[in-house]
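Participant: A predicted structure for the sequence below; I have some questions about it.
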Number of protein chains: 2
Amino acid sequence: MQLSVPKLKSCDDCPIRYNAVCSKCEPAEMRELEEIKYYRSFSAGQPVFFAGDPLEFVGSIVSGVSSLTRTMPDGRVQMVGLLLPGDFMGRPHRETIDCDVVAETDIMLCCFRRKPFERLINDTPHVGQRLLEMTLDELDAAREWMLVLGRKTAREKIASLLYMIATRMAKLSEKTGDEATFTLPITRETMANYLGLTIETVSRQMSALKRDGLIAFSDRRDITVPQIDALKAETGEDA
Amino acid sequence: MQLSVPKLKSCDDCPIRYNAVCSKCEPAEMRELEEIKYYRSFSAGQPVFFAGDPLEFVGSIVSGVSSLTRTMPDGRVQMVGLLLPGDFMGRPHRETIDCDVVAETDIMLCCFRRKPFERLINDTPHVGQRLLEMTLDELDAAREWMLVLGRKTAREKIASLLYMIATRMAKLSEKTGDEATFTLPITRETMANYLGLTIETVSRQMSALKRDGLIAFSDRRDITVPQIDALKAETGEDA
DNA sequence: CGTACGCTTGAGGAAATTCAATTTGCGTGG
DNA sequence: CCACGCAAATTGAATTTCCTCAAGCGTACG
């Protein structure tokens, strides 16, 4: 169920003003965007799109975390994207969406109806340019993730996911130093779906990392990483 | 070692004129592109870029097959992209490349020095638009591949790869009907690196698919698929 | 207080890997 | 033209890793 539409905000105050698809826009372009934008909220667990749905709108994640997943006919699920604040949802010039999109936490979206947005890409060069940049970054991330899925052990997979979340979250909160603390925005099941593992294997490896002192948690969601570099070493990507 | 530069061709005769990054260009835009393009050939097995190299040029695959791979410090390798004719190599606004790029077969590239090409993206809208489209398609393909890597069995992985090559190759040669024949552009090792498997597992599953009558081959490279739908059913993606 | 859900833990089993030994195909040189 | 040698591919046996199935724990919530 969709929450009530929050009161409209000015783009000037937007937390993702300098991250999102609009980050390179000039004032005139901002005015065009501002005219067609609208906000929508979804609470944790809600679907935003089902695979195969007509793609009515595209937009940016203002706050919260959302996931993209693909499901096989027999029910096997693979997460193929994790959208954090600033990330773009949907793709221009595509009539339908081919992934399930779910709000993993409460999220707020800055939406544009797809058709007007497509026109805007052609009219306002900085939107298209920024979208290309962001898409290329996402492609890099997807390729990085292919290495994780194809070649890493269960332990390395878990370490890689925790390391990525720790660094991406830390970046947003301007944290520095060896130690990192964050709240996992996803369940064990979601982690398993991201990593191509079962829930049980995720749980076992989390326990193993905890036993080895690489992470600490009592609550299941609040994770402390005493030494971020030690965790990085477990990802298999350091020399 | 780089082969001799082939004689310059007109874009009008180019086999990828209506596939590649230039496909939406108007005559005036084509003239701009034509001015800065140059051709390069690499023979099978040659590196085109090493990960970390400065990205001097970008361009399109005119003919042949090239691969993108990522390598872990301990030597594990994962292929993260397979570039077929028409596909774009390199990315604008990136100083270095983060994957190894190798010519899997003899290839010909239509190259542009990166800097002038970046200017061109800004000046000629249809290049940037087409590049966005192509990048979005590649992202879709990468996500599709994440499902293969994360959730499919060895047999399903092999079937998925063969099915993809069969359909992409068949599309280029305008083949129809149940049966498909093609030459594998890659070795067993390359297949293994694409699928996140070992060479031995690839070999065993190829033998199993052959034993079950889903594919036929005597030569190791020339594959016949008697019924393409039967192969598709083995990919796990049909209902 | 009891049920539900998410998570953890254990035991046994299946799938893919590792290690090792052949076999096949192909280019080179006798 | 055939023999040789190398690289790629196949096949087998043993092992490892992760999954499946099953039971139990802890917190949240009716």
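Facilitator: Right, received. Where do you want to start?
Participant: Run a quick neighbour tally on A:A141.
Facilitator: 16 (other C-beta atoms under 10 Å in any protein chain shown). From N, CA and C alone the C-beta is placed, and that goes for glycine too.
Participant: Who is the most centrally placed residue in chain A paired with across the strands?
Facilitator: For chain A, A:L83 is the residue whose C-alpha lies nearest the centre (C-alpha atoms, centre = their mean; 1.8 Å). Partner residues in beta bridges with A:L83: A:S66, with DSSP bridges as the criterion.
Participant: for the one 5 residues further on, same thing?
Facilitator: Using DSSP bridges, the beta-bridge partners of A:F88 come out as A:S60.
Participant: The longest helix that chain A contains versus helix B:125-151: what angle between them?
Facilitator: Across chain A, the longest stretch assigned as helix under DSSP state H is helix A:125-151. For helix A:125-151 and helix B:125-151, the angle between their directions (axes from the mean of the first three to the mean of the last three C-alpha atoms, to 10 degrees) works out to 20 degrees.
Participant: is any part of helix A:125-151 close to chain B?
Facilitator: Yes - Helix A:125-151 comes into contact with chain B (C-beta under 8 Å from any C-beta of the partner chain), by way of A:125, A:128-129, A:131-133, A:135-136, A:138-140, A:142-147, A:149-151.
Participant: For stretch A:152-167, list every residue counted as buried.
Facilitator: Along stretch A:152-167, these residues count as buried under the neighbour rule (16 or more other C-beta atoms under 10 Å in any protein chain shown): A:152, A:154-167.
Participant: Now do the contacts for the residue in chain A positioned nearest to DNA strand D.
Facilitator: In chain A, the residue that lies nearest DNA strand D is A:T201 (3.1 Å; C-beta to the nearest atom of the strand). Contact partners of A:T201, counting by C-beta atoms under 8 Å, 6 or more residues apart in numbering or on different chains, are A:A154, A:A192.
Participant: Going by secondary structure, it is in what exactly?
Facilitator: A:T201 is part of helix A:199-211, with elements assigned from DSSP states H and E.
Participant: Can you give the distance from that helix to the centre of its chain?
Facilitator: 23 Å (C-alpha atoms, centre = their mean, to the nearest Å).
Participant: Quickly list the domain ranges of chain A.
Facilitator: For chain A, whose domains are defined here by automatic domain parsing, the residue ranges read A:11-148, A:153-233.
Participant: A:T135 contacts B:D137, doesn't it?
Facilitator: No - A:T135 sits out of contact with B:D137 when judged by C-beta atoms under 8 Å, with a separation of 10.2 Å.
Participant: quick one, which of these two is more surrounded?
Facilitator: Between A:T135 and B:D137, counted using other C-beta under 10 Å, A:T135 has the larger neighbour count: 21 against 13.
Participant: Now do the same contact list for the more buried one.
Facilitator: Contacts here follow C-beta under 8 Å, 6+ apart; on that basis A:T135 touches A:F88, B:L132, B:T135, B:L136, B:L139.
Participant: repeat that with 10 Å
Facilitator: For A:T135, the set of contacting residues under the criterion of C-beta atoms under 10 Å, 6 or more residues apart in numbering or on different chains consists of A:V21, A:F88, A:R91, B:L131, B:L132, B:E133, B:M134, B:T135, B:L136, B:E138, B:L139.
Participant: Give me the spatial nearest neighbour of A:E26, chain neighbours excluded.
Facilitator: Across the structure, with C-beta to C-beta, 6 or more residues apart in numbering or on different chains as the measure, the residue nearest A:E26 apart from its sequence neighbours is A:H126 (6.7 Å).
Participant: check which helix or strand covers the closest residue to A:V148 other than its chain neighbours.
Facilitator: Taking C-beta to C-beta, 6+ apart, and ignoring the residues beside it in sequence, A:V148 has A:S160 as its nearest neighbour in space, at 5.1 Å. Secondary-structure assignment from DSSP H and E places A:S160 in helix A:154-172.
Participant: Repeat that for A:M30.
Facilitator: A:M30 is part of helix A:27-36, with elements assigned from DSSP H and E.
Participant: Quick one: list the elements packing against that helix.
Facilitator: Helices and strands in packing contact with helix A:27-36 are listed as strand A:107-113, helix A:114-123, helix A:125-151; criterion 3 or more C-beta pairs under 10 Å, 6 or more residues apart in numbering or on different chains; DSSP states H and E.
Participant: hmm, try it at 7 Å
Facilitator: Here helix A:27-36 touches helix A:114-123, going by 3 or more C-beta pairs under 7 Å, 6 or more residues apart in numbering or on different chains; DSSP states H and E.
Participant: could you give the mean pLDDT of the helix it packs on?
Facilitator: Computed over helix A:114-123, the mean pLDDT rounds to 91.
Participant: Could you do stretch A:99-106 as well?
Facilitator: Across stretch A:99-106, pLDDT averages out at 94.
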